[in-house]
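*Asks:* one predicted model, sequence on top.
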Amino acid sequence: MLAGRAGETLLVPVEDRWRSLPQAAHGAAVAERILAASWSQDAGESREASCSRIDGYYTVGIALTPATVMFQHEREIVCDGPVLQGSIQITAPGASVKACHASPCRVMHLFIAPQLLARRYDEAEGQLDPPERLAQSPAIFRDVAIERLALALEAANPLADAFGRVFADSVCDAILARLLCTRTERVSARASPRRAQLPKWRLRRAIDFIEANLASPIGLADVAASAGLTRMHFAAQFRSTTGYSPHAYLLQRRLEHAQTLLRDHDCSVLDVALSCGFSSHAHFTSVFKRMTGEPPNVWRARIRNGASQDAIASAATATATATATATATATALDQIASLHASPSDDSRSGPARAIRRR
């Protein structure tokens with residue numbers, strides 16, 4: 001596990017770079033445990049990230065927030081547009097991938113050793129899909145159950161004690177079992193009739209319209225009109241494509257926008273509520289608490305306190321580095337002075353003493 005704030009460790013460490021293996025990958029028990037790590041991008045950034053190859057691990061990417069991304073797998077563009085929370089992509093060992101994120105996002109990556117995958121399959125006595133089929137297709141798909149499990153793992157991240165480790169291992173095993181089951185379900189679903197889905201360009205229009213109007217009192221008819229469909233057809237196709245109703249998706253995005261405002265700005269909770277399309281302070285507080293478990297002001301205080309602790313730790317590190325640098329510089333100057341000084345020559349030792357005094 002990687003270090004978090006001073007004196008802490010995290011169950012899901014932050015990646016040094018996109019899809020980089022956590023330090024635990026270099027230990028002796030990597031075949032006994034699914035490794036988890038997280039990666040995020042803040043508002044206002046647009047970054048291209050690439051991962052040449054990760055040999056020896058399947059990589060499972062789980063979107064913890066909606067995002068706009070271009071994802072490329074072995075020079076083939078798999079996705080270029082919006083992806084929903086709970087979207088999943090699986091990369092086989094040794095495959096090369098690249099992504100360009102054009103919006104804020106949080107992603108969790110699970111790194112699974114092939115031998116662990118084979119052992120889990122054997123333990124299921126053939127009731128799960130064979131391991132080699134896990135990354136047969138690089139296509140992005142969505143699974144609500146895996147989304148909920150990943151969010152639960154993220155929420156438990158600070159509990160890096162014995163209980164937290166057992167909990168994290170259990171959640172990761174549950175995600176793996178679900179992935180091996182879901183593969184079979186996706187194959188059978190393709191063989192059966194299904195509702196029509198929104199074409200990508202219509203989905204992009206709808207999501208762009210929502211993003212541009214988070215503070216406005218828009219409704220289903222407005223979003224459907226932006227995609228050029230009737231309310232009934234749009235609602236059915238949007239749910240079939242994303243797994244969300246249009247209202248649920250709009251509410252989720254408003255909440256995430258509110259969290260950004262609460263974290264990065266000093267405006268009042270009422271101003272945040274009105275800026276995110278809520279009609280009153282009471283309505284916003286009720287929805288926020290239901291979806292996050294905390295009132296807005298409590299959430300803001302906790303997040304900012306965590307950021308303050310990070311700043312203190314960073315300042316302490318910077319001070320220690322500066323002190324070490326100053327000490328090393330003084331030592332070097334003393335050594336230089338001693339080389340040029342002679343005990344019998346006061347005129348040469350004088351400048352050396354002056355250097356040491358500085």
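*Replies:* Okay, I see it.
*Asks:* who are the contact partners of Phe71?
*Replies:* 77-80, 89, 97-99, 140 (C-beta atoms under 8 Å, 6 or more residues apart in numbering). All C-beta spots, glycine's among them, are computed from the backbone N, C-alpha and C.
*Asks:* let's see it at 10 Å
*Replies:* Phe71 is in contact with 61, 77-81, 83, 87, 89, 97-101, 138-140, counting by C-beta atoms under 10 Å, 6 or more residues apart in numbering.
*Asks:* report the buried members of these.
*Replies:* Neighbour-count burial (16 or more other C-beta atoms under 10 Å) is assigned, among the contacts of Phe71, to 61, 78-79, 83, 87, 89, 97-99, 101, 138, 140.
*Asks:* the helices in the stretch 1-150 of the chain, which residues?
*Replies:* With helices called from DSSP state H, counting those that start in this stretch, the stretch 1-150 of the chain shows them at 114-123, 144-155.
*Asks:* so which of those helices gets nearest Ala162?
*Replies:* Ala162 sits nearest to helix 144-155 of all the helices of the stretch 1-150 of the chain, at 16.4 Å, using C-beta to C-beta.
*Asks:* sorry, back to before: keep only those of the contacts of Phe71 that are in strands.
*Replies:* When DSSP state E is applied, these are split such that 61, 77-81, 83, 87, 89, 97-101 fall in strands.
*Asks:* among these, which one has the lowest pLDDT?
*Replies:* In terms of pLDDT, the lowest of the ones in strands among the contacts of Phe71 is Gly81, showing 78.
*Asks:* bridged to that residue, which residues?
*Replies:* Val69 (DSSP bridges).
*Asks:* one step back: now the helices of the stretch 1-150 of the chain as TSV including distance to Ile54 and mean neighbour count?
*Replies:* What follows is those, written out as TSV (distance: least, C-beta to C-beta, whole Å; neighbours: other C-beta atoms under 10 Å):
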stretch	distance to Ile54	mean neighbour count
helix 114-123	12	16
helix 144-155	19	18
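*Asks:* low-scoring stretches of this protein, by residue?
*Replies:* For the chain, the stretches with pLDDT under 70 are 1-9, 24-31, 43-47, 52, 125-131, 157-160, 182-195, 307-358.
*Asks:* got the domain ranges for it?
*Replies:* Domains of the chain are assigned by automatic domain parsing as 23-191, 200-293, 303-357.
*Asks:* so which of those domains gets nearest Arg17?
*Replies:* domain 23-191 (7.1 Å).
*Asks:* who's in contact with Gln89?
*Replies:* Counted by C-beta under 10 Å, 6+ apart, Gln89 has contacts 59-63, 69, 71, 73, 78-79, 83, 97, 99, 107, 109, 135, 137-141.
*Asks:* who does it form a beta bridge with?
*Replies:* Bridge pairing for Gln89 - DSSP bridges - gives Gly61.
*Asks:* how close does it sit to Ser245?
*Replies:* Noted for Gln89: a distance of 24 Å to Ser245, by C-beta to C-beta, to the nearest Å.
*Asks:* quick check: closest non-adjacent residue to His281.
*Replies:* Leu270 (4.7 Å; C-beta to C-beta, 6 or more residues apart in numbering).
*Asks:* and the one you found, that one's in a helix?
*Replies:* Yes: with DSSP: H, G, I helix; E, B strand; the rest coil as the criterion, Leu270 is located in a helix.
*Asks:* tally of neighbours for it?
*Replies:* Look at Leu270: counted by other C-beta atoms under 10 Å, it has 15 neighbours.
*Asks:* ok, now how distant is Gln23 from Glu76?
*Replies:* 32 Å.
*Asks:* of these two, who's got more company?
*Replies:* For Gln23 against Glu76, the residue with the higher neighbour count under other C-beta under 10 Å is Gln23, and the figures read 14 against 8.
*Asks:* quick check: that one touching Leu10?
*Replies:* No: counting by C-beta atoms under 10 Å, Gln23 stays clear of Leu10, with 11.1 Å between them.
*Asks:* can I get the ones in strands among the contacts of Phe71 in CSV with distance to Leu153?
*Replies:* Shown next, in CSV, are the ones in strands among the contacts of Phe71 (distance: C-beta to C-beta, whole Å):
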residue, distance to Leu153
Gly61, 14
Ile77, 29
Val78, 25
Cys79, 24
Asp80, 28
Gly81, 27
Val83, 19
Ser87, 16
Gln89, 18
Val97, 22
Lys98, 26
Ala99, 21
Cys100, 26
His101, 21
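*Asks:* could you single out the nearest of these to Ile303?
*Replies:* His101 (21.5 Å).
*Asks:* confirm for me that the closest one is in contact with Cys79.
*Replies:* No: between His101 and Cys79 there is no contact under C-beta under 10 Å: 11.4 Å.
*Asks:* common neighbours of the two, please.
*Replies:* Counting by C-beta under 10 Å, 6+ apart, the residues touching both His101 and Cys79 are 68-71.
*Asks:* buried subset of the residues you listed?
*Replies:* The neighbour count (16+ other C-beta under 10 Å) marks 68-69, 71 as buried among those.
*Asks:* reformat those as JSON lines; add distance to Asp55.
*Replies:* Below are those laid out as JSON lines (distance: C-beta to C-beta, whole Å):
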{"residue": "Thr68", "distance to Asp55": "30"}
{"residue": "Val69", "distance to Asp55": "24"}
{"residue": "Phe71", "distance to Asp55": "20"}
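*Asks:* what is the nearest of those to Glu211?
*Replies:* Nearest member of these to Glu211, counting by C-beta to C-beta, is Thr68, at 8.8 Å.
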